[in-house]
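> Kindly generate the corresponding structure for this input.
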Amino acid sequence: MPPSPGNSPRPGAGSGPGSGPGTGRPAAQWQLDPPYGARTVLAILVVFVFLVVSGRHTEIDRMFYMLGEAAGNVVGLNESSQVVKGTAQIARSMFPIRISEVTEISRIENFDPENLPPLARIETEEVEITQVNPVTLALERTTQTRTVLYQPVGYLMHVLRKMLETIEIALWATLFSIILSVPLAYYSSANYSPNRLAYGLARGVVSMFRAIPELISAMFLVLAFGFGPIAGILALAIHSAGFLGKFYAEDIENADKGPQEALRAVGVSKVSTLRYAVLPQVLPQYVAYNMYILDRNVRMATVIGIVGAGGIGQELKGRYDMFDYGHVATILLMIFLTVFLLDQIAGRIRAKLI
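Residues are numbered from 1 along each chain as shown. Okay, here's the model as predicted:
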């Protein structure tokens, strides 16, 4: 086998007919090029220095120190750890989760004791309250009796309704993002865009949509449309269209050129070529993209709800501000179960299309 340019013999090594075992001359010695060079070493050093400097700015060193301190506390090497204390406090506050709801009857408008919600009952309980003595102006703790409406699964049903609204927001946002991203993907594809101007404009719009975080756009859309799900749907749709437009376009550009060239050779239009030569190739991946965006929109709908854009996020923010961590745990568990179920559904749909 002749030596290739990358596997040239070392200088001075014998390679003629008189070399080899039994001739007294050394056999040909082969040498592979090193897997790295000076540029690779320099690039690694630059990246290492950048990570060290950036790590100091972002307190990565402190993070590792605190994690090590927590690990030492767990195995008994040190007595205290801020991370362990904080985690334990969260666990004590959030568990057990709370699915019941207790509402003072005096705060229920038009309360009808003859028409109670399912499984609900009226109870009387004693509560301690702190109030100011009008004579001494000192804080005093007193016990009062109040009548309440106790619903064993009342809060769980409330969270389910809010979660349903969140899913609806995510579904509409995903639908609008798909509709918006289809023309953007067509004009963002280098091999289908009619000219460079349309290509550049489409790419710019896709980049702009991705660059605007949902939370920021939701804040402005709330001012325009008011509090409610409309602002959340539009904020998620705009941001998601940026991602889908980019993913769709890249898959169109990377699709197998053979079927496309065959159809174009017989005079098929660009749109028909997309339909019959490209779409069958990219459809399973498009379904995966869409399901991922739906999954992401469900999670992000909980975030934009904090600024009043509908969904369960507003409920989560309110309970967190009231330090009602038992109810917060119920909301987080519901979000997890919803995302998990969506992931299972997406996997089954994609498996049938592949």
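> so where does Glu128 fall, helix or strand?
strand 121-132 (DSSP states H and E).
> What of Ala198?
Per DSSP H and E: helix 196-211 holds Ala198.
> Show me what stretch 121-138 is in contact with.
105, 113, 116, 139-150 (Cβ atoms under 8 Å, 6 or more residues apart in numbering). Just so you know, the C-beta spots here come from the backbone N, C-alpha and C atoms, and that holds for glycine as well.
> ugh, typo on my part, it should be stretch 295-312
159, 162-163, 165-167, 169-170, 173-174, 214-215, 218-219, 221-222, 227-233, 235-236, 239-240, 313-317, 331, 334-335, 338-339, 342-343, 346.
> Leu51 versus Val41, what's the distance?
Counting by Cβ to Cβ, to the nearest Å, the gap from Val41 to Leu51 is 16 Å.
> hmm, back to that, out of the contacts of stretch 295-312, which are inside helices?
Counting by DSSP state H, the part of those found in helices is 159, 162-163, 165-167, 169-170, 173-174, 214-215, 218-219, 221-222, 229-233, 235-236, 239-240, 313-317, 331, 334-335, 338-339, 342-343, 346.
> Which pLDDT value belongs to Gly20?
In this model, Gly20 is scored at 52, pLDDT.
> could you check the angle strand 121-132 makes with the next helix or strand after the strand holding Glu128?
Moving toward the C-terminus from strand 121-132, the next helix or strand (DSSP H and E) is strand 139-151. With axes from the mean of the first three to the mean of the last three Cα atoms, to 10 degrees as the basis, strand 139-151 and strand 121-132 are set at 160 degrees to each other.
> Buried residues, strand 139-151. List them.
148-151 (16 or more other Cβ atoms under 10 Å).
> Let's have those residues in a markdown table, adding distance to Phe209.
Shown next, in a markdown table, are the buried residues of strand 139-151 (distance: Cβ to Cβ, whole Å):
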| residue | distance to Phe209 |
| --- | --- |
| Val148 | 49 |
| Leu149 | 47 |
| Tyr150 | 48 |
| Gln151 | 43 |
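> Between the residues you listed, which sits nearest Gly55?
Gln151 (50.4 Å; Cβ to Cβ).
> how far away is that closest one from Val52?
56 Å.
> Which pLDDT value belongs to Val46?
pLDDT, the model's per-residue confidence, is 94 for Val46.
> can you check Pro26 too?
56.
> Mind listing residues that contact stretch 64-75?
In contact with stretch 64-75 (Cβ under 8 Å, 6+ apart) are residues 78-84.
> Which of those residues are buried, as a ChimeraX select command?
In ChimeraX, this line selects whichever of the contacts of stretch 64-75 come out buried by 16+ other Cβ under 10 Å:
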select :81,83,84
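> Please flag which of the contacts of stretch 64-75 sit within strands.
Per DSSP state E, strands hold no members of the contacts of stretch 64-75.
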